[in-house]
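1. Quick one, structure for this:
(2 chains)
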Amino acid sequence: MTEQPVIELEGVWKIHGPNGAAAMADARAGATKADILQRHGAVLGIADASFAVMRGEVFCIMGLSGSGKSTLLRHINRLMEPTAGRIRVLGQEVLALDSRSLRRLRAERVGMVFQHMALLPHRTVRDNVAYPLEVRGEALSRRWAVSSEKLQLVGLSGYEERFPHELSGGMQQRVGLARALASDPEVLLMDEPFSSLDPLIRRDLQDQFVALSRQLGKTTLFVTHDMEEAIRIGSRVAIMKDGRVVQVGTPAEIVTQPVDDYVRSFVQGIARDRLVAELERTP
Amino acid sequence: MTTGRPIEDSSQSVARFAGRNAGYYQRVFARIHGAASFQPSFNAAAALFGPLWAAARGLWGSFWAMAVAELYALVMLGRGLYGDLGAQARLQAVKLETAADARAADAASALQVGDAATAETFSRIAANLHTAAEQALAQAQLAAASAPRLVVTGLVLWLVVRLVAGFVANPLYARRYVAWRTRPTLGAGFDWGRLGLALLLLLLLYPPTVYRFTATTVPAVLVHVPAAGALAGTLAGWIDAGFAGLYANGAGFFDGMRDVIRFVVHALETVLVSTPWMVTMTVFVVGAWHAAGRRVALLTGGAVAYIAIIGLWDLSMQTVALVVTAAAGCIALGLPLGIWCGRSPRAFRLVRPVLDLMQTMPAMVYLIPAIAFLGTGTPPGVMATLCFGLPPMVRLTALGIQQVPPGVCEAARAYGASDWQLLYGVELPLARPSILAGVSQTLLMCLSMVVVAALVGAQGLGSVVLESLQYAASGRGILAGVAILLCAVVIDRVVQGLFAGKNA
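-> Numbers count the residues shown, from 1 in each chain, chains lettered A, B, ... in the order given. You can find the predicted model right below:
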């Protein structure tokens, strides 16, 4: 069986702001982020990103804030339009989809979890989880059944009738995860889902997530600014800087063969023995 | 090398800021910025040139303060030196003296005729006038004598202005330098162009003012604004013609609008007035109960009872019909417009000045085009009320839509929501409190317009208030006013209760 990439990016560029075409030409010629801001008043969000994510992989995108990792994630389900490049998800050219097919893709095949949960505050936990199904036009009985099932999966049975503001941050994010799983998508997009939680809960949710992702085998694109988190849960890691993907590799490759000082500076921050333990745990 | 850099840098930038005479300002600023407390310093150039210095250095606020204070001093000086201070009192004295002489002549002629009593009266008046004239003359002399004091005061004031200018110049300029560091677009340095402009301004300000207050007789140009009365007439004529032309071209449209408004108001009136009163009242009270609970229901019952007992029921129902029609129009127009403005900042930028205009314009002014296009009666009243009540609806709807967290909208999109699903499922529910506040505001604005609408013949409680104003029947007017107030309170409470009930 040949391995089939589920998500494929080819030369994706994103330029925010005015003078897109001129800035784009400049950027292709090798101008840096600072150059482009100075010359065109435009911000280089993503520069020439290319990688492929295989089925069942947990692929982490790691970078500091402003490195373009969340922007890149939003291109997968086309919440943002790239300036140039090709994006293929589950065999479909995302950029060629009309609005109806795009909405189908989002509602049925790609789930997303957000840093600030982004739950609908006026709906109960149950209706929040069922939202993707409601958008799709599913019947109430099925929405409620699926909703209960997914809430059980994330350990929140019994909270169906509560409102999001009645739950703690960690619980809210588990609701977010249940919502992402509601339509049984093949792909999960996670935008720093645990970074606004306190460290203990974060650790706890990371473990739960790793267990869940093994169990469900979803292809996951996971954005984080935390190297330890990337190494704990990622089967592969891409490191971004100023909109460019500087290195892609397994956690072991990243730690043992950092391509440059930038990557090395992340790796150095991690206690060596902890890291070895993590790597041994990863199959 | 690097250790000395920040200080050197700062001093260089002071030089760049000051331009002319940089060395002086480098020293002064170093002293001012080097100490935590106030550092006294005296800027001779500022004292010598006053407002001109301030302008040349780009301190326009100081320029104006100095120019006005100095102008005051100059006026005093001018009046003291050249003004005819007693002129007015002396003129009065001459007038009185003439009158006294006339009365004295009258007395003499009366005496010649032999009418001693009349002569007595006249000569007493003449004596009184003479005394008054002497007093006026004394006053004139006193005023003339005050001239040296005015000269001294003016001179002292002028000197004080210049001294203060000299003392505050450096601290002010140092503060401007700090502002300039973060906003380099602020003018810096010594600029001849600004100096020229200041000179021009002073020439425009000083001579006419000083002349106006010094000279005894002043040309009319200095006192009265020359208005082009004919131009105003022409413009008003154009506007009249414009209204007439618009009405002539759109007669069908305006007549149709009038008929629709009349039909809606009339239908509502029929329902509210023709239905037996106990049915309508019951619906009101029970409706208030459902919407906002028992207390508001009691309040509604009280208001309804008051209106019924006072005998204003039919008129109140006419007012309710008018207000409901206008408010429904406001909501029907304002909600989509507000949603559009909330979603598109550009649209809001376009609409906002129009809304400002609608809110600032005195409510009566709406009546003018309303009458021109819709005639008199209830339709123009509804139209004017609608214009007045629309802005809060648009504003608060836009505000509500803008306040929806962008992350939540993004999440809805990420799960495949279409534009309509986003609007109905996310944006409108989350904007609900703001939109309901808009509805409540709009209703109250519409109610506040009923008296104004009565001016063009709209029926209802407003016409009672208006009549009582015309015939000074204050009692009846106040009773009707209280009825309007009760309507407003009930509507406000019901809408608020509606919002609170759904949110709890």
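
2. Without its sequence neighbours, what residue ends up closest to residue 58?
-> With no chain named, the answer covers chain A. residue A:220 (4.5 Å; C-beta to C-beta, 6 or more residues apart in numbering or on different chains). All C-beta spots, glycine's among them, are computed from the backbone N, C-alpha and C.

3. Please refer instead to chain B.
-> Residue B:58's closest residue in space is residue B:187 (C-beta to C-beta, 6+ apart), at 3.7 Å.

4. rewinding a little: didn't the residue nearest to residue A:58 look like it was pressed against residue A:59?
-> Yes. Between residue A:220 and residue A:59 there is a contact under C-beta atoms under 8 Å: 6.8 Å.

5. of these two, who's got more company?
-> residue A:220 (26 against 22; other C-beta atoms under 10 Å in any protein chain shown).

6. Now do the helix or strand hosting that one: everything it contacts.
-> According to DSSP states H and E, residue A:220 maps onto strand A:219-224. The contact list for strand A:219-224, computed with C-beta atoms under 8 Å, 6 or more residues apart in numbering or on different chains, reads A:6-7, A:53-62, A:69-70, A:72-73, A:76, A:186-195, A:213, A:230, A:233-234.

7. close enough to count as contact, residue A:31 and residue A:39?
-> Yes. Between residue A:31 and residue A:39 there is a contact at 7.3 Å, judged by C-beta under 8 Å.

8. ok, these two, which is more surrounded?
-> Legend: neighbour count by other C-beta under 10 Å for residue A:31 and residue A:39, higher for residue A:31 (18 against 13).

9. what's the pLDDT at that one?
-> We have a pLDDT of 82 for residue A:31.

10. Look up which helix or strand it falls in, please.
-> Counting by DSSP H and E, residue A:31 is part of no helix or strand.

11. Just the contacts of strand A:219-224: which are in strands?
-> Among the contacts of strand A:219-224, the ones falling in strands (DSSP state E) are A:6-7, A:53-54, A:58-62, A:187-191.

12. Okay, angle between the helix or strand harbouring residue A:265 and strand A:58-62 too, please.
-> Element membership for residue A:265, per DSSP H and E: helix A:261-268. Put simply, helix A:261-268 runs at 110 degrees to strand A:58-62, going by axes from the mean of the first three to the mean of the last three C-alpha atoms, to 10 degrees.

13. Rounded mean pLDDT for helix A:261-268, please.
-> Mean predicted confidence for helix A:261-268 is 85.

14. Now it: buried residues?
-> A:263, A:266-267 (16 or more other C-beta atoms under 10 Å in any protein chain shown).

15. Make a markdown table from those and add distance to chain B to it.
-> Shown next, in a markdown table, are the buried residues of helix A:261-268 (distance: C-beta to the nearest C-beta, whole Å):
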| residue | distance to chain B |
| --- | --- |
| A:263 | 30 |
| A:266 | 27 |
| A:267 | 32 |
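
16. Flag the shaky bits of chain B, pLDDT-wise.
-> B:1-9, B:501-504 (pLDDT under 70).

17. How about it: which residue is closest to chain A?
-> For chain B and chain A, the shortest gap (C-beta to the nearest C-beta) falls at residue B:416, measuring 3.0 Å.

18. what's the closest non-adjacent residue to that residue?
-> In space, residue B:416 is closest to residue A:107, 3.0 Å off (C-beta to C-beta, 6+ apart).
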